[in-house]
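J.: Let me see the structure of the following:
(chains A and B)
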Amino acid sequence: MKYLPLIWAGLWRKRTRTVFTLLSVMTAFLLFGMLQGVNSAFTQSVRSANINRLYVASKFSMIEPLPLAMLQRIEQVPGVTGATYGVWFGGYYRERKNFLLSYPVDVRRYFDMFPEMQISKETLETLATTRTGAVIGVELAKKYDWKVGDEITIPSGIWTKADGSREWTFDIVGIFNDTGDSSRSNSLFFNYAYFDEARTITPGTVAWFIVRIADPAQSVKIAEAIDATFANSPQETQTQNEKEYAQAYFKQFGDINLIVSAIIGAVFFALLFLTGNAMMQSVRERIPEIAIMKTLGLSDLGVVGLLTAEALILCLGAAAIGMTLAYFMFGLIKSMVYAAGMPGDVILMGFGCATILAIVTILPPAWRAKQLSIVDGLRKR
Amino acid sequence: MSVVSLRNVVKHYTRGKERVEVLHSINLDIAPGEFLALMGPSGSGKTTLLNLIGGLDRPSAGEVTVGGERVDALSGGQLSKWRARHVGFIFQFYNLMPMLSAERNVELPLLLTPLNSAQRMSNVAAALELVGLADRAKHKPGELSGGQQQRVAIARALISDPTLLVCDEPTGDLDRETAEEIMGLLQMLNKQQGKTIIMVTHDPKAAAYASRQVHMDKGRLVEGEARTAAA
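T.: Got it, this is the predicted structure:
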């Protein structure tokens, strides 16, 4: 601690350069925080996937409709203890940019399949018996200030009704909480029957089936059995466990993890040279001062320690500011990536990267300072 | 009994393929409490000799003994600690840290000691008082005159109560009046505090403050003359 004023003064010796270095490191960590936060949202969805559930979709495309009649045959596959289904609704609120996670489902079967979606029996019964009834996740309710009893109109980007309209009206009958995947807390569920009767195309079809199995150890066998049931038919299926399904879903957007890693890698690579150059310049300018510190009795390793501490304060401080800004910016992108956030492992990874950045960039000039002969250093005055 | 003893000290550098002989078999003894002025033309080896006595450089051959310790035999780490304990340095261009206040500059040598913050600041205040700069403690070097900066450097050199004060052209960057003030201060430290001072200078007026003058030429001690200190 007693060296702190000296380290601090050294850090701010060239104020403008320090501010610019701080800003560039901070910006890199803002980007790091945002991208890793989004990536972790996807990873979290995959991680929270349930191993007791299998997803059955068309072998050819996730959006290829499957006949609802397949449900019965799926339920008959040995090891299957329950099944439900759903369809992409593609709803949005007022404007297309306000994309809404909305699904027509068999509400009784669906909530039975997902016990982590907490809803009372009475609410579920009301939902099942109200043709235009809908339930919404607690986060969605907060976002648009929707309450039980509200009538809302949601346009669909995909489905047209028989009257030619794309505006679908719902009565909110309940709000549910979700202890698992946070994206569901931002979702709207309503009756498949209402949807299926009103839509003009592909009636009697669904986008996917969700299957509950008794023994997760048998998941591969059961998945193969389901796919075998529909093999060589016009509706061949691909059955995956929930985790694989979630991964495949996110892969539609590309390999998020690879994209994020590549961007962050490129940014840090550039940052390494930029910060390294700033550190090198900073130490070079202070050669006489370093020689004085040595003259006064500071050891060679002491010099390395002081310079390293300076670099660590700069990089860790900038990383902390950058990641804090990223944390607050998640509030702005929540409507696009629901689960985006700054989990502990991203923060730790960020500080780890900042530490490596500081050490790698300060090491060459600090080594030079360590090797510096006092007489040569004083001569540079 | 000498506080500084040099025996057959040789120093040479290699510049490319050329070997440059800087000091040739120097023998010198400095008594405790002595104020020695080392004089001579540029390139005569004065500063090199001062660097060897102050432990900033090592001789190519010979022995450098300060306070009974063979300085030339110390390792790099031992030499750093030895300098911190036994030598105070005063330079022509003051060599203060530009971003630190006067008191933080004076405090620097104490950072290497186990003293706590309160003890350090109390010693700093006493040292600044001694050099007449108590009211400039919070000023940065850029806000001080040359003479004031050299006083801060003297306070920094004194703060750890060293055996030796090593001064390299301490008045070289000052006007006549300020130079005399600084020399008066050094003389006071020598006479009242008993500090042993070794000073390199070109200036005969500054050298006149010393109790002994030693002249160098082409890396050799050519003449030694005891003098009575000026006024």
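J.: so after the least confident helix or strand in chain A by mean pLDDT, what's the next helix or strand?
T.: When each helix and strand of chain A is scored by mean pLDDT, DSSP states H and E, helix A:242-251 comes last, with a mean of 70. Next along the chain after helix A:242-251, taking DSSP states H and E as the criterion, comes helix A:256-285.
J.: Can you report how many residues neighbour residue 202?
T.: Going with chain A. 14 (other Cβ atoms under 10 Å in any protein chain shown). (Glycine included, C-beta is placed from N, CA and C.)
J.: Chain B, not that one
T.: Residues near B:His202, counting by other Cβ under 10 Å: 14.
J.: Could you say which helix or strand holds it?
T.: Per DSSP H and E, there is no helix or strand for B:His202.
J.: Do I have it right that it meets B:Thr171?
T.: No - at 9.6 Å, B:His202 does not count as touching B:Thr171 under the criterion of Cβ atoms under 8 Å.
J.: what residues are up against residue 170?
T.: Since you didn't name a chain, this refers to chain A. Each residue near A:Phe170 by Cβ atoms under 8 Å, 6 or more residues apart in numbering or on different chains is listed here: A:Thr132, A:Gly133, A:Ala134, A:Glu151, A:Ile152, A:Thr153, A:Ile154, A:Leu188, A:Phe190.
J.: actually chain B
T.: Contacts of B:Pro170 by Cβ under 8 Å, 6+ apart are B:Ile90, B:Phe91, B:Gln92, B:Gln150, B:Ile154, B:Ile182, B:Met183, B:Leu186, B:Met199, B:Thr201, B:Ala206.
J.: Would you mind giving those as CSV with pLDDT, secondary structure and neighbour count added?
T.: Converted to CSV, these look like this (pLDDT from 0 to 100; DSSP: H, G, I helix; E, B strand; the rest coil; neighbours: other Cβ atoms under 10 Å in any protein chain shown):
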residue, pLDDT, secondary structure, neighbour count
B:Ile90, 92, strand, 23
B:Phe91, 90, strand, 22
B:Gln92, 88, coil, 19
B:Gln150, 91, helix, 29
B:Ile154, 91, helix, 25
B:Ile182, 89, helix, 23
B:Met183, 91, helix, 25
B:Leu186, 90, helix, 25
B:Met199, 94, strand, 28
B:Thr201, 92, coil, 26
B:Ala206, 90, helix, 25
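J.: out of those residues, which touch chain A?
T.: Contacts with chain A within these, counted by Cβ under 8 Å from any Cβ of the partner chain: B:Phe91.
J.: quick one: the strands in chain B?
T.: Along chain B, the segments classed as strands by DSSP state E run B:4-15, B:18-30, B:35-39, B:61-66, B:69-70, B:87-91, B:164-168, B:196-200, B:212-217, B:220-226.
J.: Can you add neighbour count, distance to chain B and pLDDT and give the contacts of A:Phe170 back as CSV?
T.: Listed next are these as CSV, based on neighbours: other Cβ atoms under 10 Å in any protein chain shown; distance: Cβ to the nearest Cβ, whole Å; pLDDT from 0 to 100:
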residue, neighbour count, distance to chain B, pLDDT
A:Thr132, 15, 71, 94
A:Gly133, 21, 70, 95
A:Ala134, 26, 65, 96
A:Glu151, 10, 67, 95
A:Ile152, 17, 62, 94
A:Thr153, 11, 65, 94
A:Ile154, 21, 62, 94
A:Leu188, 23, 60, 94
A:Phe190, 28, 67, 96
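J.: Closest one of these to A:Pro78?
T.: Among those, A:Phe190 lies closest to A:Pro78 (Cβ to Cβ), at 32.7 Å.
J.: For the closest one, give me its contacts.
T.: A:Ser102, A:Tyr103, A:Pro104, A:Val105, A:Val107, A:Leu127, A:Thr132, A:Gly133, A:Ala134, A:Val135, A:Phe170.
J.: Is there proximity between the helix or strand encompassing A:Pro288 and chain B?
T.: Using DSSP H and E, A:Pro288 sits in helix A:287-295. Yes - residues of helix A:287-295 contacting chain B under Cβ under 8 Å from any Cβ: A:Pro288, A:Glu289, A:Ile292, A:Met293, A:Lys294, A:Thr295.
J.: would you turn the residues you listed into CSV with neighbour count?
T.: Shown next, in CSV, are the residues of helix A:287-295 next to chain B (neighbours: other Cβ atoms under 10 Å in any protein chain shown):
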residue, neighbour count
A:Pro288, 17
A:Glu289, 20
A:Ile292, 25
A:Met293, 24
A:Lys294, 25
A:Thr295, 25
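J.: Which of these sits closest to A:Lys161?
T.: Closest to A:Lys161, out of all of these and judged by Cβ to Cβ, is A:Glu289, at 77.3 Å.
J.: What residues does chain B have near chain A?
T.: So chain B meets chain A at B:51, B:54, B:56-57, B:76-77, B:80-81, B:83-85, B:89, B:91, B:93, B:95, B:97-100, B:104, B:108-109, B:111-112, B:117, B:120, B:156 (Cβ under 8 Å from any Cβ).
J.: Tell me the secondary structure of A:Arg96, please.
T.: coil (DSSP: H, G, I helix; E, B strand; the rest coil).
J.: Can you give me every residue that contacts the residue of chain A found nearest chain B?
T.: Using Cβ to the nearest Cβ, A:Gly297 is the residue of chain A that sits closest to chain B, at 2.5 Å. Each residue near A:Gly297 by Cβ under 8 Å, 6+ apart is listed here: B:Ser80, B:Lys81, B:Arg83, B:Ala84, B:Arg85, B:Pro109, B:Leu112.
J.: Good, wrapping up.
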